[in-house]
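**Q** Model the following, please.
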Amino acid sequence: MKKTKGIILAGGAGTRMYPMTSLYSKQLIAVYDKPMIYYPLSTLILAGIKEVLIISNDETIPHYQKLFKNGSHLGMKIEYAVQKAPKGIAEAFIIGEKFIGKDNAFLILGDNIFYGYLNFLRDAVNNNKTATVFGYYVKDPERYGVVEFDKSGKAISIEEKPKKPKSNYAVPGIYIFDNSCVQRAKKLKPSARGEVEITDLIKTYLEEENLNVVKIGRGIAWLDSGTPDSLLDASSFIASIEQRQGLKIGCIEEAAYAMKFIKKAGLNKIIEEMPNSYYRVYLEGIYNIV
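**A** This next block holds a predicted model:
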C-alpha cells in the first residue's frame, strides 16, 4: 500500500471575509478558541497522515511556520509552499508535485471543519485505489459540487454549483487521489473563471470509472467556515460541544498523542513550552489521564 501525504490548501483571496482577511488568510481567523487551520490539520492527523504540505500566500506562510514549525514536536513533517494567486483547488497538486513525489495525496481545504467519528477517513485512505471523494447530504446542494448516483448507488455525474441539482449530496472539501492526480491536474484547462477546477479533476477519474464516492453518515458534522455567517455558526457549534463535553475539537496536540505520533514525554514537552492558558490546562488534563 502506497503512503498518503496530506495537503492543506489555506490560501485564497478570502474576499468574502474582508476586512478580516486584509492582513492574512482566513485560515488564521479564530474559530471559537483556536485558529481555523487547526481543524483541517487535526482531521489529517486523525486520518493517520504524518506528512503535510500547507499551501498559502507569501504573507501568511511565516505565520503558519511560527505555529507549526517543521511539525517534529507533533511527530510529523510539515512543509510549506506558496500559491501566488488563487488559481483553483486542483492547482494544489501541481504546486505540491515535489512534495507528493511518488505517493498518494489527501487534500483538505483550510476552511472545512469536520466533527464526529472520523474513522471513515482513515478507512478511505487505506482503501483508496484511485480516487475517493465524499458525499454529504445538504438542503442547499446548488451551493456546492453535487454528485448524482444511479439506482445502485454508483456515482454517474458530478456538477459544480448546478442550478438544478441532480441530488442533495454535496462534495465537501476533502479529496483522496492516487499519484496520477499531479499529471491529471497539469492537463486540465482553466475554467472560465481562470481556475484549475477540482470538479474537472474528479471528472477524469469518473469518466474512467475509477471514482469512489463515500456517503458520509448523519453522525458527522461538516462545517464550511468561509463566510462571516458560517464562521459564527462554526464557532457557536464548537463552543457548544466543547462546553458541554469538556473535550476539544481540533486540538492538534491531543490528536497527535491519540494517534501515537508522539508519546507522553513529547506531549509533556509541548505543554511545558506553552504559556498559562485554558488550552494548556486542557492538555494537562489529557496528560494526567492514566
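**Q** Show me the strands in the chain, by range?
**A** 4-9, 30-31, 34-35, 51-56, 77-82, 104-109, 112-115, 131-137, 145-149, 155-160, 169-170, 174-177, 211-215, 221-224 (DSSP state E).
**Q** For the first one, which outside residues touch it?
**A** Surrounding strand 4-9, the residues in contact under the criterion Cβ atoms under 8 Å, 6 or more residues apart in numbering are 27, 37, 40-41, 44, 47, 49, 51-55, 83, 89, 92-93, 96, 99-101, 103-110, 125, 128, 176. The C-beta positions use only the backbone N, C-alpha and C, and glycine is treated the same way.
**Q** Show me the helices in the stretch 151-290 of the chain, by range?
**A** With DSSP state H, counting those that start in this stretch, the ranges of helices along the stretch 151-290 of the chain come out as 181-187, 198-207, 228-245, 252-258, 264-272, 278-288.
**Q** could these be laid out in CSV, adding distance to residue 2 and mean neighbour count?
**A** Putting these into CSV (distance: least, Cβ to Cβ, whole Å; neighbours: other Cβ atoms under 10 Å) gives the following:
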stretch, distance to residue 2, mean neighbour count
helix 181-187, 12, 18
helix 198-207, 16, 20
helix 228-245, 33, 15
helix 252-258, 23, 22
helix 264-272, 27, 14
helix 278-288, 32, 14
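**Q** quick one: which of those is nearest residue 153?
**A** Among the helices of the stretch 151-290 of the chain, the nearest to residue 153 by Cβ to Cβ is helix 198-207 (14.5 Å).
**Q** Looking at that closest one now, give me its mean pLDDT.
**A** Helix 198-207 carries an average pLDDT of 95.
**Q** how far off strand 155-160 does that helix point, in degrees?
**A** 170 degrees (axes from the mean of the first three to the mean of the last three Cα atoms, to 10 degrees).
**Q** related to what we said a few turns ago, can you redo the strands of the chain as JSON lines with mean neighbour count and distance to residue 258?
**A** Putting the strands of the chain into JSON lines (neighbours: other Cβ atoms under 10 Å; distance: least, Cβ to Cβ, whole Å) gives the following:
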{"stretch": "strand 4-9", "mean neighbour count": "26", "distance to residue 258": "17"}
{"stretch": "strand 30-31", "mean neighbour count": "19", "distance to residue 258": "20"}
{"stretch": "strand 34-35", "mean neighbour count": "17", "distance to residue 258": "17"}
{"stretch": "strand 51-56", "mean neighbour count": "23", "distance to residue 258": "17"}
{"stretch": "strand 77-82", "mean neighbour count": "17", "distance to residue 258": "18"}
{"stretch": "strand 104-109", "mean neighbour count": "24", "distance to residue 258": "18"}
{"stretch": "strand 112-115", "mean neighbour count": "22", "distance to residue 258": "15"}
{"stretch": "strand 131-137", "mean neighbour count": "22", "distance to residue 258": "22"}
{"stretch": "strand 145-149", "mean neighbour count": "21", "distance to residue 258": "31"}
{"stretch": "strand 155-160", "mean neighbour count": "18", "distance to residue 258": "32"}
{"stretch": "strand 169-170", "mean neighbour count": "24", "distance to residue 258": "29"}
{"stretch": "strand 174-177", "mean neighbour count": "25", "distance to residue 258": "19"}
{"stretch": "strand 211-215", "mean neighbour count": "18", "distance to residue 258": "23"}
{"stretch": "strand 221-224", "mean neighbour count": "18", "distance to residue 258": "19"}
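**Q** Tell me which of those strands approaches residue 285 most closely.
**A** With Cβ to Cβ, the closest approach to residue 285 among these belongs to strand 34-35: 16.2 Å.
**Q** Now tell me what touches that closest one from outside.
**A** By Cβ under 8 Å, 6+ apart, strand 34-35 touches 27-29, 67, 250-251, 279.
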